[in-house]
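**Q** Dropping the sequence and predicted coords here.
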Amino acid sequence: MFASCADPSQLDGLSWLMCYLTSGKHMLFYWSFLVVLLLMVITAPLALLLGFGGAMAARSPVWPVRMLGKGYTSMVRGVPDIVFFLFVPIAMDQGLEYIRHKIKCPDWDQPIRQGNDFLVCAEAKLPLSSSPQIWHEIYGFSLATLAFAVVFGAFAANVLYGAMQAVPRAQLETAEAYGMNRAQVNRRILIPQMWTYALPGLSNLWMILIKATPLLFLLGVEDIVYWARELGSTKSNVYAYPHPDWRLYYFLVLLAFYLGITRVSEVVLGRLTTRLSRGQATMAGEAMRKAGA
């Protein structure tokens, strides 16, 4: 990164270490921390949106919609997560390329599936082979994010469905007695009330999401686990900065990172729980009322 780092063989001590820690690969390592944070920031609202849709569908009076909501949660919860993490990116990638292939190459007369290969015309590839590398990385990250959202959305749907069921039925019946229709009851009574019951389960899901981010490595995204293993492993003389096996130290950095994220999450979620419990007919709300009495 610096002019003085042009010839690492001439460096030693602190100068060698500073040049080593500011090399191009280490810049990618530092950037991968932002990639993990970005995954969590994008996945959480997407999963919550899918979960809310699944929970509302599971409560629908329309039988096909209700079965769709219950089927989504049951299917994803009943299959190992890693299967969906691997299935969704492949299915989405091939599905999009198949659609583009039918549109852009209508005269194609060869089978798309040839043995174990999935072959489409060059114009249908996503992204195009001529696209800059950054678009390949964004596309892979987007598919991985969608896979996380689908999996955690199903768990969120189960949590939100249980929270909706926990809202006292008497409150809903009172709202109906005042002349509110089903949509008004849901919007004004059910949804505002359910968050108090849903937050503990959603908090656990957030913690599980944090722990699941290393699965990005299995999806082909160069995340912090990939770079920790790559940079920490033993380097031979063909590398500019050969060193012994330092994987222990790199993974200690990851340990500190995840513990820090977990601690910040606990503080934020604890304050949010206190805020939502105030005035509610729950154990936490009752404890707050007695403490203030």
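**A** Right, received. Where do you want to start?
**Q** For the rest of this, base every contact and every neighbour count on C-alpha atoms.
**A** OK.
**Q** Okay, helices next: where are they in the stretch 1-150 of the chain?
**A** With DSSP state H, counting those that start in this stretch as the criterion, the stretch 1-150 of the chain has helices at 13-21, 24-58, 63-78, 81-104, 133-166.
**Q** Which of the ones you listed sits closest to residue 243?
**A** helix 13-21 (10.2 Å; CA to CA).
**Q** Just the buried positions in that closest one, please.
**A** 16, 19, 20 (16 or more other CA atoms under 10 Å).
**Q** Same check on stretch 184-191?
**A** 185, 186, 189, 190, 191.
**Q** For that stretch, measure first residue to last.
**A** 10 Å (CA to CA, to the nearest Å).
**Q** thinking again about what came up before, please work out which of the helices of the stretch 1-150 of the chain is packed deepest.
**A** Ranked by mean neighbour count under mean count of other CA atoms under 10 Å, those are led by helix 133-166, which reaches a mean of 21.
**Q** tell me what that one is packed against?
**A** helix 24-58, helix 63-78, helix 81-104, helix 191-212 (3 or more CA pairs under 8 Å, 6 or more residues apart in numbering; DSSP states H and E).
**Q** Any chance of the buried residues of stretch 184-191 in CSV with distance to residue 171 and pLDDT as columns?
**A** Supplementary listing: the buried residues of stretch 184-191 in CSV, determined by distance: CA to CA, whole Å; pLDDT from 0 to 100:
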residue, distance to residue 171, pLDDT
185, 9, 87
186, 11, 85
189, 7, 84
190, 9, 86
191, 12, 85
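**Q** out of these, who's nearest residue 44?
**A** residue 191 (18.4 Å).
**Q** That closest one against residue 165, yeah?
**A** No. Residue 191 is beyond contact range of residue 165, at 10.9 Å (criterion: CA atoms under 8 Å).
**Q** separation between residue 182 and residue 44?
**A** 28 Å.
**Q** swap that for residue 169, sorry
**A** 29 Å.
**Q** ok, back up a step: which single one of the buried residues of stretch 184-191 is nearest to residue 50?
**A** Nearest member of the buried residues of stretch 184-191 to residue 50, counting by CA to CA, is residue 191, at 15.2 Å.
**Q** Quick check: pLDDT value at the nearest residue to that closest one once chain neighbours are set aside.
**A** Leaving aside its sequence neighbours, residue 191 sits nearest to residue 164 (CA to CA, 6 or more residues apart in numbering; 7.4 Å). You'll see residue 164 listed with a pLDDT of 89.
**Q** what's the answer for residue 158, then?
**A** 91.
**Q** Number the chain from 214, please
**A** Noted, 214 is the first residue going forward, which turns the last one into residue 371.
**Q** Buried residues, stretch 443-463. List them.
**A** In stretch 443-463, counting by 16+ other CA under 10 Å, buried: 444, 445, 446, 448, 454, 455, 460, 463.
**Q** To clarify, my last question referred to stretch 319-332.
**A** Buried residues in stretch 319-332 (16+ other CA under 10 Å): residue 332.
**Q** can you check stretch 377-397 too?
**A** 377, 380, 385, 388.
**Q** Please compare the buried residues of helix 226-234 by their distance to residue 336 and name the closest.
**A** Closest to residue 336, out of all of the buried residues of helix 226-234 and judged by CA to CA, is residue 233, at 41.5 Å.
**Q** Touching, that closest one and residue 454? I think so.
**A** Yes. Taking contacts as CA under 8 Å, residue 233 lies within contact range of residue 454: 6.6 Å.
**Q** Which residue, neighbours along the chain excluded, lies closest to residue 307?
**A** residue 331 (7.7 Å).
**Q** Okay, and the beta partners of the one you found?
**A** Beta-bridge pairing for residue 331 (DSSP bridges): residue 326.
**Q** Tell me the predicted confidence for it.
**A** pLDDT, residue 331: 81.
**Q** Break down the stretch 364-506 of the chain into its helices, ranges please.
**A** Using DSSP H, counting those that start in this stretch, helices in the stretch 364-506 of the chain cover 382-390, 395-398, 404-425, 437-445, 460-490, 496-505.
**Q** got a list of contacts for the first one?
**A** With CA atoms under 8 Å, 6 or more residues apart in numbering as the test, helix 382-390 has contacts from 395, 398, 402, 403.
**Q** measure the residue nearest to the third one when sequence neighbours are not counted to residue 279 for me?
**A** This means residue 402. Nearest non-adjacent residue to residue 402, counting by CA to CA, 6+ apart: residue 385, 6.8 Å away. To residue 279, residue 385 is 20 Å away according to CA to CA.
**Q** rewinding a little: please convert the buried residues of stretch 397-404 to JSON lines, extending it with distance to residue 366.
**A** What follows is these, written out as JSON lines (distance: CA to CA, whole Å):
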{"residue": "398", "distance to residue 366": "24"}
{"residue": "399", "distance to residue 366": "20"}
{"residue": "402", "distance to residue 366": "23"}
{"residue": "403", "distance to residue 366": "20"}
{"residue": "404", "distance to residue 366": "17"}
